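Asks: Next come a sequence and a model predicted from it.
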Amino acid sequence: MLAAVLAVFLTSAVQAGEYLRIGVLKFGTVNWELDTIKAHKFDEENGVSIDVRFFAGEDATNVALMAGDIDVIVSDWLWVSRQRSAGEDLSFVPYSTSVGAMMVAGDSPIKSLADLKGRKIGVAGGPLDKSWLFIQGLARDKFSLDLMGSNDIVYGAPPLLAEKARQGELDAVLNFWHFCARLEADGFRRLVSANEAAKALGTAGDVSAIGYIFHEKWAQSHPRAIEGFLKASGEAKALLKRSDEEWLRLAPVIRAEGRALSVLRDRYREGIPSRSIDEEEADAARLYAVLAKLGGARLVGPAETLAPGTFWRASE
């Protein structure tokens, strides 16, 4: 009897050690993957129990991670690099290369960035948004065009700007990738994506815009938890890449159907990372230098280069 009780206790202790708390935005696209993980029990199959906790904004998830209230969040490598330069031990695992794009109406006379001069442009994410800086850099280098100086720029929330674009109040709009996909389903077209701009500015491929972020010390002390979670993530991505039926199951979560669901599916699949960590990190370092030039210390902080260790390597 004692042996049986002890076995149960030890089993419970092991299971408790493979518990992972992830903080995400309530209506963020990461929920599509997490929902897939839970629906198919990929977490359980990989020996980890994932507790999904919802937050109202990205700043709230950042604070919760730094306070130790959650173990994993989703954000970008630039924030991780800034934190590491300040002495924190955060690390980044690529999640998606999907990024925003400059969108115009299907019948718009605008054919290239050069045609944007003097136009009214909506920009989601604010003046220091990375996609906006990349596109400004491309416009400057290729067309000698100062988008900030020659245009009426309107900053705003992504859904508001998308609606203003539909109503014809904007000549072009730079929005987050999933809002761009919904606009595309409504007949808009992509003028240029942030990935295209980044490649023109020196990257060898598409760089993951966002990723899973966690404390290095936590991952090192919970190797089975982080390994199980990342394996579950990979299995969910593989299913979402190959199965159209899975997207139909997710339709109520995504809140899309028909052409909108199809475009969101295709753009999501395009954003599934396929490169090595070394390739991702090398291009992120190149982009860091570009961002330091375009956004200055307000964006990247005092460090001149990408902080070592920004990208997680399980063996380190």
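Replies: Yep, it's here.

Asks: Distance of the residue nearest the centre of the chain relative to D278?
Replies: In the chain, the centroid-proximal residue (Cα atoms, centre = their mean) is I210; its distance is 2.9 Å. Distance of I210 to D278, computed by Cβ to Cβ, to the nearest Å: 19 Å. Just so you know, the C-beta spots here come from the backbone N, C-alpha and C atoms, and that holds for glycine as well.

Asks: And L116, by the same measure?
Replies: Counting by Cβ to Cβ - L116 and D278 are separated by 36 Å.

Asks: Give the residue from these two that has the larger number of neighbours.
Replies: Between L116 and D278, counted using other Cβ atoms under 10 Å, the more crowded position is L116 (23 against 10).

Asks: That one reaches I110, doesn't it?
Replies: Yes - with contact defined as Cβ atoms under 8 Å, L116 counts as touching I110 (6.4 Å).

Asks: okay, and the common contacts of the two?
Replies: The contact sets of L116 and I110 overlap at 171-172, 191 (Cβ atoms under 8 Å, 6 or more residues apart in numbering).

Asks: Which one (most neighbours) among those?
Replies: In these, the most neighbours by other Cβ under 10 Å go to A172, 24 neighbours.

Asks: Counting neighbours, which bits of stretch 241-249 end up buried?
Replies: Residues of stretch 241-249 classed as buried: 246-247 (neighbour count, 16 or more other Cβ atoms under 10 Å).

Asks: average pLDDT across it?
Replies: Taken as a whole, stretch 241-249 carries a mean pLDDT of 98.

Asks: what's the spacing between it and its chain's center?
Replies: Distance of stretch 241-249 from the chain centroid (Cα atoms, centre = their mean, to the nearest Å) equals 21 Å.

Asks: avg pLDDT for stretch 124-144?
Replies: Mean predicted confidence for stretch 124-144 is 95.

Asks: In contact with A204, which residues?
Replies: Counting by Cβ under 8 Å, 6+ apart, A204 touches 279, 282-283.

Asks: at 6 Å instead, please
Replies: Applying Cβ atoms under 6 Å, 6 or more residues apart in numbering, we find A204 in contact with D283.

Asks: Which of the three states applies to it?
Replies: coil (DSSP: H, G, I helix; E, B strand; the rest coil).

Asks: distance of it from R84?
Replies: 23 Å.

Asks: can you tell me how far the residue nearest to S49 when sequence neighbours are not counted sits from S131?
Replies: Of all residues not flanking S49 in the chain, Y19 sits nearest, at 5.0 Å (Cβ to Cβ, 6 or more residues apart in numbering). Distance of Y19 to S131, given as Cβ to Cβ: 35 Å.

Asks: What pLDDT does the model give K26?
Replies: We have a pLDDT of 89 for K26.

Asks: mind listing what it touches?
Replies: Contact analysis of K26 by Cβ under 6 Å, 6+ apart lists F54.

Asks: After the helix or strand bottoming out on mean pLDDT in the chain, which helix or strand is next?
Replies: Least confident element among the helices and strands of the chain, by mean pLDDT, DSSP states H and E: helix 2-17 (a mean of 43). Per DSSP states H and E, the first helix or strand lying C-terminal to helix 2-17 is strand 19-25.

Asks: So what touches that next one?
Replies: Applying Cβ under 6 Å, 6+ apart, the set of residues contacting strand 19-25 is 30, 48-53, 55, 61, 64, 70-73, 225, 229.

Asks: cutoff 10 Å now
Replies: With contacts defined as Cβ atoms under 10 Å, 6 or more residues apart in numbering, strand 19-25 is touched by 30-31, 33-34, 43, 48-58, 60-65, 68-74, 212, 214, 218, 222, 225-226, 228-229, 232.

Asks: can you check stretch 243-262 too?
Replies: Counting by Cβ under 10 Å, 6+ apart, stretch 243-262 makes contact with 27, 29, 31-36, 39-40, 178, 181-187, 236, 239-240, 263-266, 268-269, all of which sit outside it.

Asks: and D43, helix, strand or coil?
Replies: Strictly by three-state DSSP, D43 counts as helix.
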